[in-house]
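**Q** Here is a sequence together with a model predicted from it:
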Amino acid sequence: MIKHCLFPAAGYGTRFLPATKSMPKEMMPVVNKPLIEYGVDEAIQAGMNSMAIVTGRGKNSLMDHFDKNYELEHQINGTNKETLLDDIRELIDGANFTYIRQREMKGLGHAILTGKELVGDNPFAVVLADDLCVNEDQGVLAQMVGLYKQFRCTIVAVEEVPADETHKYGVIAGEHLSDDLIRVTDMVEKPEPGTAPSNLAIIGRYILTPDIFEHIENTTPGKGGEIQITDAILKQADEGCVIAYKFKGKRFDCGSVDGYIEATNYCYQNLYLQDSQVELKKAPTEKQDG
Ligand code: G1P
C-alpha cells in the first residue's frame with residue numbers, strides 16, 4: 001500500500017566531526033552495516049520498494065553503496081567472503097533507489113519537500129537514518145503501515161523522553177485514543193526547556209499523506225530559522241487528523257556519540273551474534289584473508 005520511503009540524508013552530521021568530514025553520517029557503520037542500510041531494511045520489511053534518498057554534496061558513497069561493485073565482486077568471487085555481500089545484494093535486488101540533491105540546508109521540512117518529485121502524489125514514509133529503531137517481531141515502519149491502513153492519515157512515531165530532553169525534539173500533545181495512540185492537537189519543534197506540551201517526543205519515523213507538500217510550501221521558517229516538518233504536520237492536525245503512535249521497540253539516537261555506542265553494543269549482542277549465519281558471515285580476521 002505504501003511503496004515509497006524518503007530518506008533525508010543531506011545533513012552534515014556535525015556532532016560526529018571529524019568522522020563525518022568527508023563521509024556521510026548515514027554511512028557510519030553500526031557493527032558491519034551502515035546506518036542507512038538499517039533504515040532501508042526496515043522499509044523493505046514494511047512492504048516498501050521505492051527508496052527515495054535526498055542527498056547533498058559529498059554524499060556520493062550513499063549511491064555507490066546501493067549499487068553493484070563489479071570489481072569487488074569479481075575479486076571476492078568464490079572466496080569465503082562472498083557471503084558478506086548476501087544481504088546487501090538481496091536488498092538492492094528488492095528495491096529501487098532514486099536520488100535528488102538538496103542544494104541548500106533549510107531544514108527537515110525543506111528536505112522532505114525536495115523529495116516531492118521522487119514520491120509523487122502518494123502517501124509515503126520518512127526515515128531519519130540516525131534514529132536506529134529495532135524490534136524483534138515487526139519493525140517500527142511496519143507497525144505504522146498497519147495504523148495507516150486503519151486511519152488513512154499522517155502518523156508520527158513518538159516515545160516518552162525525560163522532561164529535561166524535550167528541547168531536543170518535536171513534542172506532541174493530544175487526546176489519547178488508547179495507551180499507545182494519541183490524536184494530535186498540538187506539536188512544537190524543540191520547545192524551550194520547561195515549556196513542552198508533554199514528554200512525548202517525535203522520533204525519526206513518519207508516514208505522511210501527500211497534502212503535506214502543500215503545507216510545507218506554505219510553512220514559514222520556524223525554530224532555528226528552518227522550515228520545520230513539525231509545523232507543517234501541525235497544519236494537517238488542525239485541518240484533519242494526525243495520529244501519534246508510541247511504537248513497540250527500541251530506538252537509538254545514533255546522531256549522538258552515546259546513542260551510537262549503545263546501538264553498536266545492542267546490535268552486536270542481539271543481531272550480529274544471534275545471526276545463525278554468523279560463522280559464515282563474520283569477517284575473517286586472519287591477516288592473509290586480506
Ligand atoms: C528532527 C525533527 C524533530 C524530531 C527529531 C527526531 O530533528 O525536526 O521534530 O523530534 O528529528 O530525531 P533533528 O534531530 O534533525 O534536529
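**A** Received it, and whenever you're ready, just let me know what you need.
**Q** Could you measure from residue 97 over to residue 43?
**A** 11 Å (CB to CB, to the nearest Å). Bear in mind the C-beta positions are built from the backbone N, C-alpha and C, glycine included.
**Q** Of those two, which one has the most company?
**A** residue 43 (28 against 18; other CB atoms under 10 Å).
**Q** Quick check: mean pLDDT of the helix or strand containing the more buried one?
**A** Per DSSP states H and E, residue 43 falls inside helix 35-45. The pLDDT scores in helix 35-45 average 97.
**Q** And stretch 19-30, by the same measure?
**A** 93.
**Q** Tell me how far it lies from the chain's centre.
**A** 15 Å (CA atoms, centre = their mean, to the nearest Å).
**Q** Return that stretch as PDB; C-alpha atoms alone will do.
**A** What follows is stretch 19-30, C-alpha atoms only, in PDB (Å, rounded to 0.1, in the frame of the first residue of the first chain):
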ATOM      1  CA  ALA A  19      34.500  11.300  11.300                       C
ATOM      2  CA  THR A  20      31.900  12.900   9.100                       C
ATOM      3  CA  LYS A  21      34.200  15.500   7.400                       C
ATOM      4  CA  SER A  22      34.300  13.500   4.200                       C
ATOM      5  CA  MET A  23      32.000  10.600   5.000                       C
ATOM      6  CA  PRO A  24      28.200  10.900   5.100                       C
ATOM      7  CA  LYS A  25      26.900  10.400   8.600                       C
ATOM      8  CA  GLU A  26      24.400   7.900   7.200                       C
ATOM      9  CA  MET A  27      27.300   5.700   6.200                       C
ATOM     10  CA  MET A  28      28.700   5.400   9.700                       C
ATOM     11  CA  PRO A  29      28.700   1.600  10.400                       C
ATOM     12  CA  VAL A  30      26.800   0.100  13.300                       C
END
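**Q** which other residues reach it?
**A** 7, 9, 11-14, 16, 34-36, 38, 55, 58-59, 61-62, 65, 129-130, 132, 254-255, 260, 263-264, 267 (CB atoms under 8 Å, 6 or more residues apart in numbering).
**Q** and if we set it to 7 Å?
**A** For stretch 19-30, contacts defined as CB atoms under 7 Å, 6 or more residues apart in numbering pick out 9, 11-13, 16, 34-36, 38, 58-59, 61-62, 65, 129-130, 132, 254, 263-264, 267.
**Q** residue contacts, the residue in the stretch 101-250 of the chain that the ligand sits nearest to?
**A** Among all residues of the stretch 101-250 of the chain, residue 170 sits closest to the ligand, at 2.5 Å; criterion: CB to the nearest ligand atom. Residue 170 makes contact with 187, 189, 201-202, 230, according to CB under 7 Å, 6+ apart.
**Q** Apply 10 Å and report the result again.
**A** Contact partners of residue 170, counting by CB atoms under 10 Å, 6 or more residues apart in numbering, are 108, 156, 158, 187-191, 200-203, 223, 228-231, 233-234.
**Q** on that earlier part again, is the helix holding residue 43 anywhere near the ligand?
**A** No: on the criterion CB under 6 Å from any ligand atom, helix 35-45 is out of touch with the ligand, staying 12.4 Å away.
**Q** in that helix, what's buried?
**A** 35-44 (16 or more other CB atoms under 10 Å).
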